[in-house]
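>>> Okay, here's the prediction I keep looking at, along with the sequence it came from:
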Amino acid sequence: MFRIESDRARFRDIVRGRIREDLRKYLSTGELIGRCGEQSVSIPLPQIELPHMVFGPNSKGGGEGGEGEGGEPREAGNGNGPPGPGAGEQEGKHILEVEVDIQELAEMLGEELGLPDIQPRGVNELDAEGGRYNGVRGTGPDSLRHFRRTYRSALKRSVASGLWDPSKPRVVPIRDDFRYRARRSCDTPDSSAVVFHMMDVSGSMGREQKEIVRIKAFWIDTWLRSQYRNLKVVYIVHDAVAKVVDQHTFFHLRESGGTKISSAYELCLKQMAEKYRPEDWNIYPFHYSDGDNWSARDTELCVSMLRDEILPRVNQFCYGQVKSAHGSGQFKKDLDNALGETENLITSGISERSDIPLSIRAFLGTGR
Amino acid sequence: MKLKTSLPAALKYQAVVIESAAREAGLDFFDVIFEILDARDVNGIASYGGFPVRYPSWRFGMEYERLDKGYTWGFSKIYELVINNDPTYAYLVRSNSLLEQKLVMAHVFGHADFFKHNVWFAPTNRHMMETMADHATRIRRIMDVVGQERVERFLDLALSLETLIDPYQPLRDMGASTAERLNVPLSERARRSLDALTSSAIDEAERVVEPAAWEGQLPSYDLLGFLSEHAPLESWEREILHILRREAYYFAPQRMTKIMNEGWASFWHSRLLTGGLLDASEILDFADTHSGATSSSGGINPYKLGIELFRYAEERKEDIWLLRRAHNDVSLIDYLVDEEFCERCLRPMLMPPKRVMRMTPAGPEWSVEEGEKPPWTELKARVLRDLAWGGLPQIQLIGVDQKGDGELNLVHHHDGRDLQFEQTSATLNNLSEIWKGPAELMSLEEGEGRLLVSRDGEVSSLDSTEARDRCGSDSDAA
């Protein structure tokens, strides 16, 4: 329906405006996570309706059981509604779900927080040979023979050479007429990135702390996804030992126990050595913790690992410290003291949800 | 009958067969034009309220988004659309099976007969197809001159008031001027060209028309009409209000006769098809589709209630032709529903038996839970109340303050159901923005009198004994 499309586009514009307005709100609630598909996020938008004088909550016939939405005929708008299963499609509350491309969401995020585009590290710009069969040439294997083009050139030849007889329209291709599909290769610059989300799941990280991490990780993912076509995400949780887990576990796990941060860094390094070599990948480790570590000795170990092994290999290492009731917050201080002037180490403290946008900007604002 | 070539031969044939069966049965309608469309296009037209061309508004786009999602995910599907127009247009969905198309066509002839003969539709514009397109063009032109943003903003304000009309007014007016109405086809065109010549709205877009006097017009339910005459508007705004009001009045009878209209159409599709138009092989599918349309689960299904009403009327030897002519949903239910009908149809529909599962040592066990049983009169009263005034709150403009700020005084005739105050306040704000002055609404909230005052975009809610007396006594009278 061509006409309706322009109204739809207008509606979508308005919706985008709405989302942009509300972006700050989404940035500090977990609402959008879990609504996220491969390509798009569906965002619930209540109250974009025009207001009307309507009945309120006590209008449902005294509220006795069974009446449901009864009595209110669906708006007379469309002449006559559907007979059939869809007939009684009365809706109560009208919450509209709008799909927004992740790309677009990331753009909004970028605009809202003023994030610069990331400059991929030079060496990691891979030239991947992409190719599509969109060309034609005179030689090739039979499996790629282009039937129509073959006959077309045969027809052209027979017409040109005067062999064409309209009463007996027969075309026989000869060797020269055959055409084959050809692959045109093109080099597309491709860069890949891997994100390590490392989270401290020791006893001191509570629900709220995890939620903050979850929201932050979601937005960081969203942003990096918009910057890299090929983004891998590795989730690592640690208390006194570290392990790689899937996304669901990462966000829902609640362990308890001590904290040995070095265990996570070790695992991260191991992954880098085995799977995500720094020559091929842009690497972004993020570590979230409440700042308590097992011992000062382990912290020293962490610092030296970071300085000697991790930081030289990664684009940027981000440490986000979530404030918790029990945490001392010592680890951030230690990192800042030991490695404060290192360029690609960013630390940021989050004491409550409203700090999330700031902290995201601290992490991603450098454009590395 | 004119048929668009887009209708495949098999359907064209069925259309002719069904039409002649319908005429034989006594149905009488304007020419019916069937068009066949893809589901998405039908959704598009449905979002436009059944018309192929409407003025630009994001609201239609939103409706389309919703229908399209519903269709994509298989929640809902539109089988057909019929437009009250002469000729009557009906859109069929290409993906329907042949049986569904037959059913839908028979259904459409029922609607078409209803549109032509039900008295509430008598005052409606039968050339709405053209009028809608004309409205669309006018609003587009206004947009060209004034700018889309401003027009859109005003449309949003005005559309939020679109329910504030008096659905009974057109018929009343018609009674007063029947003679004049008889000449409509000729004078309609003349009037339109005259309008186009004289209004020349756009050239004078900046001119503000002096409000006329409103003595003798109040009290009135026709708020849109009042505003379009008396609000201090620029002439393009006034024109938009006129347009929206015309469209609102065109749709109003459909709101008032939803149950009858669907009932009448279902009554006839069932009667016609089972009267010899079905192949033996189609009977089961018909029964399946028909019962799908008339199923009900805890709420009023207009198809079901409507068809049962007409069948009951026929059983009781009522003249169903007269009923379909003279009534609307409320008056028909009031006239027909007695204890027998209520127990047979209304109660199961409104209060379906509740099945509950209990765990017993032997395993889960289903039983029917006896709920409370209100007397049939109460059920009937409840249905009538829900349907009254097209299912909308009854809001009346009772006066305009002459001395002070010229505020509008509105009263909500309370029938036991409170307003949704958040939305009501927003609507009141919109009203006061159009009126360019304060607006007040008296209502009840949980039995207490309440006065909502919208002034400069802010709504304050005050306790008010006057509101309690006014709204309370009205609800007793009703």
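Perfect, I can see it now.
>>> Quick one: the helices in the stretch 51-200 of chain A, in order.
Along the stretch 51-200 of chain A, counting by DSSP state H, counting those that start in this stretch, helices occupy A:102-113, A:147-160.
>>> Can you dump the C-alpha atoms of the helix ranked longest in chain B in CSV for me?
With secondary structure taken from DSSP state H, chain B has its longest helix at helix B:235-256. The C-alpha atoms that make up helix B:235-256 are tabulated as CSV, following Å, rounded to 0.1, in the frame of the first residue of the first chain:
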residue,chain,number,x,y,z
SER,B,235,-9.5,29.5,8.8
TRP,B,236,-7.4,26.5,7.9
GLU,B,237,-7.9,25.2,11.4
ARG,B,238,-11.6,25.7,11.0
GLU,B,239,-11.6,23.8,7.8
ILE,B,240,-9.8,20.9,9.4
LEU,B,241,-12.3,20.8,12.2
HIS,B,242,-15.1,20.8,9.7
ILE,B,243,-13.5,17.9,7.9
LEU,B,244,-12.8,15.9,11.0
ARG,B,245,-16.3,16.5,12.2
ARG,B,246,-17.8,15.3,8.9
GLU,B,247,-15.7,12.1,9.1
ALA,B,248,-16.6,11.5,12.7
TYR,B,249,-20.3,11.8,11.9
TYR,B,250,-19.9,9.4,9.0
PHE,B,251,-18.4,6.8,11.3
ALA,B,252,-20.7,7.3,14.2
PRO,B,253,-23.6,5.1,13.1
GLN,B,254,-21.2,2.2,12.7
ARG,B,255,-20.3,2.5,16.4
MET,B,256,-24.0,2.6,17.3
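>>> that older thread, any chance of JSON lines for the helices of the stretch 51-200 of chain A, columns distance to B:Glu407, mean pLDDT and mean neighbour count?
(C-beta placed from N, C-alpha, C; glycine too.) Below are the helices of the stretch 51-200 of chain A laid out as JSON lines (distance: least, CB to CB, whole Å; pLDDT from 0 to 100; neighbours: other CB atoms under 10 Å in any protein chain shown):
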{"stretch": "helix A:102-113", "distance to B:Glu407": "42", "mean pLDDT": "79", "mean neighbour count": "17"}
{"stretch": "helix A:147-160", "distance to B:Glu407": "76", "mean pLDDT": "90", "mean neighbour count": "14"}
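>>> so which of those comes closest to chain B?
helix A:102-113 (16.0 Å; CB to the nearest CB).
>>> Mind giving me the packing neighbours of the closest one?
Judged by 3 or more CB pairs under 8 Å, 6 or more residues apart in numbering or on different chains; DSSP states H and E, the packing partners of helix A:102-113 are helix A:2-27, strand A:40-45, helix A:207-227, helix A:356-364.
>>> Let me see the backbone angles for A:Val322.
Per-residue torsions, A:Val322: phi -90, psi 130 (degrees, to the nearest 10).
>>> nearest spatial neighbour of it, skipping sequence neighbours?
A:Gln209 (4.4 Å; CB to CB, 6 or more residues apart in numbering or on different chains).
>>> domains of chain A?
Domain assignment for chain A by automatic domain parsing gives A:1-46+A:93-102, A:128-188, A:191-364.
>>> Show me which residues of the stretch 101-250 of chain B sit near chain A.
B:Leu103, B:Val104, B:His107, B:His111, B:Asp156, B:Leu159, B:Ser160, B:Glu162, B:Thr163, B:Leu164 (CB under 8 Å from any CB of the partner chain).
>>> Can you say which helix or strand has A:Cys268 in it?
helix A:261-274 (DSSP states H and E).
>>> residues in contact with that helix?
With CB atoms under 8 Å, 6 or more residues apart in numbering or on different chains as the test, helix A:261-274 has contacts from A:196, A:198, A:200, A:234, A:236-238, A:240-244, A:278, A:283, A:285, A:287, A:289, A:293-294, A:298-299, A:301-302, A:305-306, A:309-310, A:313-314, A:331.
>>> For that helix, list every residue counted as buried.
A:Ile261, A:Ser262, A:Ser263, A:Ala264, A:Tyr265, A:Glu266, A:Leu267, A:Cys268, A:Leu269, A:Gln271, A:Met272 (16 or more other CB atoms under 10 Å in any protein chain shown).
>>> how about stretch B:17-26 as PDB, C-alpha atoms only?
Presented in PDB, the C-alpha positions along stretch B:17-26 are these (Å, rounded to 0.1, in the frame of the first residue of the first chain):
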ATOM      1  CA  VAL B  17     -24.900 -16.300  -7.900                       C
ATOM      2  CA  ILE B  18     -24.800 -15.000  -4.300                       C
ATOM      3  CA  GLU B  19     -26.100 -11.600  -5.300                       C
ATOM      4  CA  SER B  20     -29.100 -13.000  -7.000                       C
ATOM      5  CA  ALA B  21     -29.700 -15.300  -4.100                       C
ATOM      6  CA  ALA B  22     -29.500 -12.300  -1.800                       C
ATOM      7  CA  ARG B  23     -32.000 -10.300  -3.900                       C
ATOM      8  CA  GLU B  24     -34.300 -13.200  -4.000                       C
ATOM      9  CA  ALA B  25     -34.200 -13.400  -0.200                       C
ATOM     10  CA  GLY B  26     -35.300  -9.800  -0.100                       C
END
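>>> could you dump the residues of the stretch 101-250 of chain B next to chain A to TSV with neighbour count and secondary structure?
TSV is the format used below for those (neighbours: other CB atoms under 10 Å in any protein chain shown; DSSP: H, G, I helix; E, B strand; the rest coil):
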residue	neighbour count	secondary structure
B:Leu103	30	helix
B:Val104	26	helix
B:His107	30	helix
B:His111	27	helix
B:Asp156	15	helix
B:Leu159	19	helix
B:Ser160	22	coil
B:Glu162	17	coil
B:Thr163	23	coil
B:Leu164	25	coil
